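K.L.:
Okay, sequence plus prediction incoming.
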Amino acid sequence: MVETLPAFGDQRRSDGDKDRAEPERGIRGESQANRRYLFFAEKADKEGQHQVARLFRAAAEAETVHARNHFNAMDGIGTTAENLMAGSQGEHYEFTRCTR
Ligand SMILES: [Fe+2]
């Protein structure tokens with residue numbers, strides 16, 4: 001069974017499992033870079049710098065590949081039922097812990 005990836009910023013589960021800690025940190029970093037580059041691309045488009053936006057989007061896609069590699073290394077993608085549960089748990093965590 002696939003375990004739920006800890007919600008963003010939750011280090012507690014990683015601390016107790018060294019084998020998972022490194023790929024989880026990798027996923028966080030790569031995911032943040034992905035989103036950051038997509039936001040930068042939007043800004044570049046708004047400023048009319050469409051070629052720069054394309055570069056940011058290409059970099060964002062590369063970060064997705066990197067994140068996927070970390071995710072695959074920890075068998076992070078389960079069945080759809082498991083993924084639904086993992087998503088539900090993650091969203092519950094965010095709502096109950098991160099919005100207080
Ligand atoms: Fe990367």
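P.N.:
Nice, thanks for sending it over.
K.L.:
if you skip the residues just before and after it, what's nearest to the residue most central in space within the chain?
P.N.:
The centroid of the chain falls nearest to Ser31 when counting by C-alpha atoms, centre = their mean (3.6 Å). Nearest non-adjacent residue to Ser31, counting by C-beta to C-beta, 6 or more residues apart in numbering: Ala67, 5.2 Å away. Every C-beta, even on glycine, is put in place using the N, C-alpha and C of the backbone.
K.L.:
what's the helix or strand for Gly78?
P.N.:
Taking DSSP states H and E as the definition, one finds Gly78 inside no helix or strand.
K.L.:
Stretch 53-60 vs the ion: in contact?
P.N.:
No - Stretch 53-60 stays clear of the ion (C-beta under 5 Å from the ion), getting no nearer than 8.5 Å.
K.L.:
Now tell me what touches that stretch from outside.
P.N.:
Residues outside stretch 53-60 that contact it (C-beta atoms under 8 Å, 6 or more residues apart in numbering) are 33-35, 37-38, 40-42, 44-45.
K.L.:
need these in a markdown table with distance to the ion, neighbour count and secondary structure, can you?
P.N.:
Shown next, in a markdown table, are the contacts of stretch 53-60 (distance: C-beta to the ion, whole Å; neighbours: other C-beta atoms under 10 Å; DSSP: H, G, I helix; E, B strand; the rest coil):
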| residue | distance to the ion | neighbour count | secondary structure |
| --- | --- | --- | --- |
| Ala33 | 6 | 17 | helix |
| Asn34 | 8 | 19 | helix |
| Arg35 | 12 | 11 | helix |
| Tyr37 | 10 | 21 | helix |
| Leu38 | 14 | 18 | helix |
| Phe40 | 15 | 17 | helix |
| Ala41 | 16 | 21 | helix |
| Glu42 | 20 | 13 | helix |
| Ala44 | 19 | 18 | helix |
| Asp45 | 22 | 15 | helix |
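K.L.:
For those, which two are the farthest from each other?
P.N.:
Ala33 and Asp45 (18.7 Å; C-beta to C-beta).
K.L.:
Give the buried residues for the helix or strand hosting Ala53.
P.N.:
Counting by DSSP H and E, the element that carries Ala53 is helix 50-73. Neighbour counts over helix 50-73 (16 or more other C-beta atoms under 10 Å) mark 53, 56-57, 59-60, 63-64, 66-67, 70-71 as buried.
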